[in-house]
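J.: sequence plus the predicted model coming up.
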Amino acid sequence: MNTFLDSFTFMAGHPGLLLGKAWSHLVLSAAAFAVALIIAAPLGIWLGHRRRGAFIAISVSNVGRALPSLALIAIFLGLLGIGFVNVLVALTIMAVPPILTNAYLSVEQVDSDLVRAARGMGLTPRQVLFRIELPLALPVLFTGIRIAVVYVISSASLAAVAGGGGLGDIILNQVAYGLSGVIAAALWVAVLALVADTLLGLVRKLLTPRGVRHLRAEGGSPG
Amino acid sequence: MISGALIAAPHPVIPDFGGVSRCVENNGFFCTDWFTANWTSVFWPALVEHIRLTVMAVGIGFVLAFAAALLAHFRGWLERPVSGLTAFLYTIPPLALFELLVPGTGVSVLTVEIALVAYTLMVLFKNTLTGLREVPADVRRVGEGMGLTRRQILLRIELPLALPSILSGLRIATVTTISTVEIAAFIVDQGLGSPILQGLQSPFNTQFIAAGALAVALALVADGLIVALGRLLTPWARTRRAV
């Protein structure tokens, strides 16, 4: 128990250090997430809209889950050398599968009767996508985003082994910061992940169209 | 004494490793000869430890989650607290959870296993319960009509029909655990994570790349094995889309 109390003393003593590392942790996570979102969301939505490529969209997430984060960082260390870029690439690869799969499922699971009705009303495919499918897809899409964000924040703590910075610098350097420092940084990472998860859960609720809330709002595949 | 012994030795104390291949000399991306030479001393033991840690965690996690899901199946109000707790545990980053447990249980396999088990619970619980709940009410009623007891309905109807969902949970949990065991090497010197971490200390590529690739291969093989097991156990589900 003492160690935990010591870790709070550490926090009080080194607020600048922890804030700085937390900031670089967030920057790294946000960058990786943004790149993954730009790649995976449009692709998944497009595949779902065409109702094609189920196999690709699903197996990407199965294979993606099998890629251990530490192994990925190690392999990219061999390819790209030490530093921010290596970790960014590894984290992006980890964030793509949940976003892609859920983006695909989110559009694909939209009731095909609704899509047909919309077509019957004379909506163009573009209008069908933006006015019918996407609003109905948002909750499931957001489940994927939430999984990806938490996963990236959590894996970013391994970035320190490849010179990527972040709170992992403290967690993995017990020699310099002592066990209390390690625990303090571990608590910060845990809180970061939990806060991100809760916030995204709230946003997901806000984004869900009122009509959909009445339906079962749960869905999406876990990672 | 010691210096005398050193001088007396006819050869230098540095052991003779024999000739080094050009690949190792140039630190190539992956040196097959070095990998095969170190297979029995480095990679095989690490792989075995990795599998042992994974099987232990998934096994214990499965028993706990399965029991909790059965309870929640009969006592509906249990679902919310259990899934809330398991989701909370799942959200904590592995490296952080490992370190946070160290003051309690020390630098030990126990620490690692507690965290690993905690991570398997959410998926296993959720998938087992979903599988049991999604058994069509009509099928259940047919069982009642045939005079089956509640227990027989569970064992002969609900559990077999829930099997695909349970197995897909097992699949996700196993693959995720294989990935998390790598991170456990920061706490205990076991599993494929430990050659990765040792390898990262030096600029020599092959060690950490080989260990990383082995972990990926292990996860893919485990994934395939569970899919195959599912096919064997649920021949009736073969026509359905396997997700």
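T.: That came in fine, so what should we check first? Numbering: from 1, shown residues only, chains lettered A, B, ... in the order given.
J.: enumerate the positions of the longest helix seen in chain B that are buried.
T.: Longest helix of chain B, by residue count under DSSP state H: helix B:44-74. By neighbour count on 16 or more other CB atoms under 10 Å in any protein chain shown, the buried set for helix B:44-74 is B:46-47, B:49-51, B:53-54, B:56-58, B:60-62, B:64-66, B:68-70, B:72-73. For the C-beta atoms, the positions are set from N, CA and C on the backbone; glycine is no exception.
J.: what's the first helix or strand after it?
T.: Following helix B:44-74 in sequence order, the next helix or strand is helix B:79-91 (DSSP states H and E).
J.: that next one vs helix B:44-74, what angle?
T.: 160 degrees (axes from the mean of the first three to the mean of the last three CA atoms, to 10 degrees).
J.: give me the helices and strands touching helix B:79-91, please.
T.: helix A:174-207, helix B:44-74, helix B:109-133 (3 or more CB pairs under 8 Å, 6 or more residues apart in numbering or on different chains; DSSP states H and E).
J.: burial of residue 170, as a residue count?
T.: All of this is about chain A. 28 (other CB atoms under 10 Å in any protein chain shown).
J.: wait, chain B was what I had in mind.
T.: B:Leu170 has 24 nearby residues by other CB under 10 Å.
J.: pLDDT score assigned to it?
T.: On pLDDT, B:Leu170 comes in at 93.
J.: try A:Met1
T.: Model confidence at A:Met1 (pLDDT) stands at 61.
J.: now A:Gly178: closest residue in space that isn't a chain neighbour?
T.: A:Phe10 (7.6 Å; CB to CB, 6 or more residues apart in numbering or on different chains).
J.: in contact with the one you found, which residues?
T.: A:Tyr177, A:Gly178, A:Ser180, A:Gly181, A:Ile183, A:Ala184 (CB atoms under 8 Å, 6 or more residues apart in numbering or on different chains).
J.: what about the longest helix of chain B and chain A, touching?
T.: No. Helix B:44-74 lies out of reach of chain A by CB under 8 Å from any CB of the partner chain, never closer than 10.1 Å.
J.: phi first, then psi, for A:Ala90.
T.: Main-chain torsions, A:Ala90, degrees, to the nearest 10: phi -60, psi -40.
J.: about what we covered before: orientation of the longest helix of chain B relative to helix B:109-133 in degrees?
T.: Using the same axes, to 10 degrees: helix B:44-74 against helix B:109-133 is 40 degrees.
J.: residue closest to the middle of chain A?
T.: A:Ala148 (1.8 Å; CA atoms, centre = their mean).
J.: that one and chain B: what is the separation?
T.: 13 Å (CB to the nearest CB, to the nearest Å).
J.: was I right about that residue contacting A:Val35?
T.: No. Counting by CB atoms under 8 Å, A:Ala148 stays clear of A:Val35, with 11.2 Å between them.
J.: can you pull out the helices in chain A?
T.: A:2-13, A:15-50, A:54-65, A:69-80, A:84-108, A:112-120, A:125-127, A:134-155, A:168-171, A:174-207, A:210-214.
J.: of the ones you listed, which is nearest B:Ser168?
T.: helix A:54-65 (10.1 Å; CB to CB).
J.: how many residues are close by B:Leu154?
T.: Count around B:Leu154 with other CB under 10 Å applied: 19.
J.: now do the contacts for it.
T.: Contacts of B:Leu154 (CB under 8 Å, 6+ apart): B:Leu70.
J.: so B:Gly28: helix, strand or coil?
T.: coil (DSSP: H, G, I helix; E, B strand; the rest coil).
J.: next, it: phi, psi?
T.: Dihedral angles for B:Gly28 - degrees, to the nearest 10 - are phi -70, psi 170.
J.: go ahead and confirm it touches B:Ile209.
T.: No. The pair B:Gly28 and B:Ile209 fails to qualify as a contact (CB under 8 Å) at a distance of 10.0 Å.
J.: the more surrounded of the two?
T.: B:Ile209 (24 against 17).
J.: any idea how far the more buried one lies from A:Gly78?
T.: As judged by CB to CB, to the nearest Å, B:Ile209 and A:Gly78 stand 5 Å apart.
J.: just B:Ala137 next, same as before
T.: Taking CB to CB, one finds B:Ala137 at 55 Å from A:Gly78.
J.: circling back to that earlier point, out of the helices and strands packed on helix B:79-91, the one nearest A:Ile93 is which?
T.: That would be helix A:174-207 among these, by CB to CB, at 19.2 Å.
J.: so how far is B:His50 from B:Asp221?
T.: If you look again at residue B:221, you'll see it is Val, not Asp. 12 Å.
J.: how close does B:Trp44 get to chain A?
T.: 17 Å.
J.: in space, what's closest to residue 187 - neighbours in sequence excluded?
T.: Looking at chain A here, since you left the chain open. For A:Leu187, the spatially nearest residue (CB to CB, 6+ apart) is A:Ser7, at 6.4 Å.
J.: my question was about chain B, not that one.
T.: Closest to B:Ile187 by CB to CB, 6+ apart is B:Phe98, at 4.9 Å.
J.: residue contacts, the one you found?
T.: So B:Phe98 contacts B:Thr111, B:Val112, B:Ala115, B:Ile183, B:Ala184, B:Phe186, B:Ile187 (CB under 8 Å, 6+ apart).
J.: which of the helices or strands spans it?
T.: helix B:94-105.
J.: could you list the buried residues of that helix?
T.: For helix B:94-105, by 16+ other CB under 10 Å, it's B:Pro94, B:Leu95, B:Ala96, B:Leu97, B:Phe98, B:Glu99, B:Leu100, B:Leu101, B:Val102, B:Pro103.
J.: and that helix, how far out from the chain middle?
T.: Distance of helix B:94-105 from the chain centroid (CA atoms, centre = their mean, to the nearest Å) equals 18 Å.
J.: for stretch B:169-183, same thing?
T.: With CA atoms, centre = their mean, you get 4 Å for stretch B:169-183.
J.: put the alpha carbons of it into PDB.
T.: The C-alpha trace of stretch B:169-183 is given here as PDB (Å, rounded to 0.1, in the frame of the first residue of the first chain):
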ATOM      1  CA  GLY B 169     -15.000 -15.800 -27.600                       C
ATOM      2  CA  LEU B 170     -12.300 -18.400 -26.800                       C
ATOM      3  CA  ARG B 171     -10.600 -17.600 -30.100                       C
ATOM      4  CA  ILE B 172     -10.500 -13.900 -29.400                       C
ATOM      5  CA  ALA B 173      -9.400 -14.400 -25.800                       C
ATOM      6  CA  THR B 174      -6.600 -16.800 -26.800                       C
ATOM      7  CA  VAL B 175      -5.100 -14.600 -29.600                       C
ATOM      8  CA  THR B 176      -5.300 -11.500 -27.400                       C
ATOM      9  CA  THR B 177      -3.600 -13.400 -24.500                       C
ATOM     10  CA  ILE B 178      -0.800 -14.500 -26.800                       C
ATOM     11  CA  SER B 179      -0.200 -10.900 -27.600                       C
ATOM     12  CA  THR B 180      -0.400  -9.700 -24.000                       C
ATOM     13  CA  VAL B 181       2.000 -12.400 -22.800                       C
ATOM     14  CA  GLU B 182       4.700 -10.700 -24.800                       C
ATOM     15  CA  ILE B 183       4.300  -7.600 -22.600                       C
END
